[in-house]
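Student: Below: sequence and its predicted model.
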Amino acid sequence: LLLARGVPEESAKLKVSELYSPPRVTAQLGCLPELGLSEGQCFDLSGDAQGRRWNFLKAADREEARRRVREEKPYLLIGSPPCVDYCLLNLNWNFPRMPEEEVRRRKVASQVLLRFAVELYWLQLRAGRHFLHEHPATAASWKDTRVQELRQHVGVDEVTAHQCMFGLLTRSDFGGLEAAKKPTRFMSSAP
């Protein structure tokens with residue numbers, strides 16, 4: 001099955017790692033043994049499998065993550081850096097109501113986190129491995145110059161999907177739950 005999907009046999013046993021996420025995708029790999037992929041490191045902001053909280057605003061945590069990605073060599077690195085400060089609602093509605101210094105602090109922190117993810121995606125590409133990046137389709141992060149460079153790289157493609165197709169729900173005005181469209185863009189080097 002993997003060979004039919006274009007994955008070289010020597011890569012079939014490699015790991016899938018997640019950046020800025022608790023084990024979500026990697027936790028599901030056991031349900032898909034035919035893929036031949038295994039669970040890699042999850043660099044979660046709220047705590048990984050060992051309870052370690054990764055704070056990529058700290059240079060030491062970024063360096064340790066770089067080292068682990070180089071050593072583990074995941075076949076696929078999935079990244080979903082925090083997108084709240086790239087959200088158009090925040091940019092157009094909330095930020096104008098906040099103190100300038102707080103807005104500036106939040107924007108700088110968001111840039112550090114996004115650009116670190118992009119740095120690790122390039123690390124993956126240079127090593128002949130793959131990445132998958134996810135952010136809302138309307139997020140201003142897609143206009144970041146480093147993200148733009150990555151988007152233009154040969155072999156990197158994008159697709160937009162609506163999260164309602166994957167079961168995303170939100171509270172309705174009437175107190176129940178209803179499907180939430182939430183257009184999301186996925187950018188990846190994986191075939």
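Tutor: Thanks, I have it. Everything quoted here is computed from the prediction, not taken from an experiment.

Student: Run through the helices of this structure in chain order.
Tutor: Per DSSP state H, the chain carries helices over the ranges 25-28, 59-72, 88-89, 100-126, 145-152.

Student: Mind checking those for the one nearest to Lys15?
Tutor: helix 59-72 (6.1 Å; CB to CB). Yep, even glycine has a C-beta here, placed from its N, CA and C like the rest.

Student: So which bits of the closest one are buried?
Tutor: By neighbour count on 16 or more other CB atoms under 10 Å, the buried set for helix 59-72 is 61-62, 65, 69.

Student: still on that earlier bit, mean pLDDT added to the helices of the chain, as CSV?
Tutor: Output for the helices of the chain, formatted as CSV (pLDDT from 0 to 100):
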stretch, mean pLDDT
helix 25-28, 81
helix 59-72, 96
helix 88-89, 84
helix 100-126, 96
helix 145-152, 97
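
Student: Thr170 is nearest to which of these?
Tutor: helix 88-89 (14.0 Å).

Student: who touches the closest one?
Tutor: Contact partners of helix 88-89, identified using CB atoms under 8 Å, 6 or more residues apart in numbering, comprise 138-140.

Student: Please repeat the previous calculation with a cut-off of 10 Å.
Tutor: 95, 136, 138-140 (CB atoms under 10 Å, 6 or more residues apart in numbering).

Student: Just send the helices of the chain back as TSV, with distance to Ser80 too.
Tutor: Output for these, formatted as TSV (distance: least, CB to CB, whole Å):
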stretch	distance to Ser80
helix 25-28	10
helix 59-72	14
helix 88-89	18
helix 100-126	8
helix 145-152	13
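
Student: just curious, which of the contacts of helix 88-89 is nearest to His162?
Tutor: His162 lies nearest to Pro136 out of those, by CB to CB, at 10.9 Å.

Student: Distance of the closest one relative to Tyr86?
Tutor: As judged by CB to CB, to the nearest Å, Pro136 and Tyr86 stand 8 Å apart.

Student: So which of the contacts of helix 88-89 belong to strands?
Tutor: Those of these mapping onto strands are Pro136, per DSSP state E.

Student: got a list of what Leu125 touches?
Tutor: 131, 150, 153-156, 189.

Student: so which two of those are the farthest from each other?
Tutor: Longest span within these, CB to CB: Phe131 and Val154, 14.4 Å.

Student: who's more crowded, those two?
Tutor: Phe131 (25 against 6; other CB atoms under 10 Å).

Student: is it true that the more buried one touches Glu18?
Tutor: No: in this structure, Phe131 is not within contact of Glu18 by CB atoms under 10 Å, at 11.1 Å.
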